[in-house]
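*Asks:* structure for the following, please:
(2 chains)
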Amino acid sequence: MTALPLFNNINIYLFIGIFLLACGIVGVVYRRTLISMLISLELIMNGAGLNFIVFNRFLSDRPYGMAFTLFIMGIAAAETAIALAIIILIFRRFKNVESDDLKEMKD
Amino acid sequence: MILADAIFILIALMTMAGALATVLARSVIYAMVGLVITMFGIAGLYIYLNAPFIAMMQILIYVGAISILIAFAIMVAGPLSQKPKEWTTLKRFIAALVVAAASFFLFAKIVMQSKWLPGIFSTSSLTTKDIGRLLFDKLMLPFELISILLVVAIIGAIMLALFSRGNK
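*Replies:* Reported below is the predicted structural model:
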């Protein structure tokens, strides 16, 4: 494995994917506004797509991983559109988009 | 090979720095800029992984569409500087760090322990023709379902923005 150049090592790509997942988790738990949480979710989905491409490159010779990365991109676009519509509705109603204020159904 | 390795390390560091900036930036607009940097870095990694079509789609969809959508949402419902003091809750930050570090080390342990099969490792890069042929041959049903999902999402977003204006 040492004879290969650095960008042909599978573990480096997987570690970048795990790093994106960890950053996304930190963002979802730590951030207070809904838009920041959505941005962190995008990080997690990017890490998942990177993992698909990595496994397709190193462990297969047919482009299933690439096709499913395209599906992930489509689903992320749909999810972002819906989530931003909901966020704008929440902003109209509560005048801010912080997640701690959304406890009307909890009380 | 040395130059390729150097550029690869640069791209990987750019991706990680963008992710850190996304999470740790104080302002939301800086977080969005960090997200754009991360997506460019991932597109570079896709090019290193012999997937240039996916890299182009990454730049078109994520950088071109989703980031602009998020930018519009920040401008419309901008939490720019309303409560800057409460953004840094130390207890919540410690909890987030614990959860993220636990998951990071769990998955890193799994990655380090697993022996990957040598696999095909074909240097013949998969072209866009292969992806298209697969999409319209075996993955026909998921492809059509994605298009239906996109239409439903667009109509749902329009309905949400349009019809809930009256009962504010």
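
*Asks:* so which bits of stretch B:13-29 are buried?
*Replies:* B:14-16, B:18-19, B:21-25, B:27-28 (16 or more other C-beta atoms under 10 Å in any protein chain shown). For every residue, glycine as well, the C-beta is placed using N, CA and C.

*Asks:* and that stretch, how far out from the chain's middle?
*Replies:* Put simply, stretch B:13-29 sits 12 Å off its chain's centre (C-alpha atoms, centre = their mean, to the nearest Å).

*Asks:* what does that stretch contact?
*Replies:* A:16, A:19-20, A:23-24, A:26-27, A:30-31, A:33, A:35-36, A:39-40, A:43, B:30-31, B:33-42, B:44-45, B:71, B:74, B:78-81, B:84, B:87 (C-beta atoms under 8 Å, 6 or more residues apart in numbering or on different chains).

*Asks:* still on that earlier bit, of the buried residues of stretch B:13-29, closest to residue B:53?
*Replies:* residue B:15 (19.5 Å; C-beta to C-beta).

*Asks:* mind listing the helices for the chain?
*Replies:* Reading this off chain A. Along chain A, the segments classed as helices by DSSP state H run A:10-30, A:34-59, A:64-94.

*Asks:* nope, chain B please
*Replies:* B:2-24, B:28-48, B:52-57, B:67-76, B:90-113, B:128-135, B:140-163.

*Asks:* out of these, deepest packed?
*Replies:* helix B:28-48 (a mean of 21; mean count of other C-beta atoms under 10 Å in any protein chain shown).

*Asks:* just for the chain, where's the confidence low?
*Replies:* You didn't pick a chain, so chain A it is. A:1-4, A:96-97, A:100-101, A:103-107 (pLDDT under 70).

*Asks:* oops, wrong one, chain B.
*Replies:* Applying pLDDT under 70 to chain B flags the ranges B:1, B:78-88, B:117-125, B:165-168.
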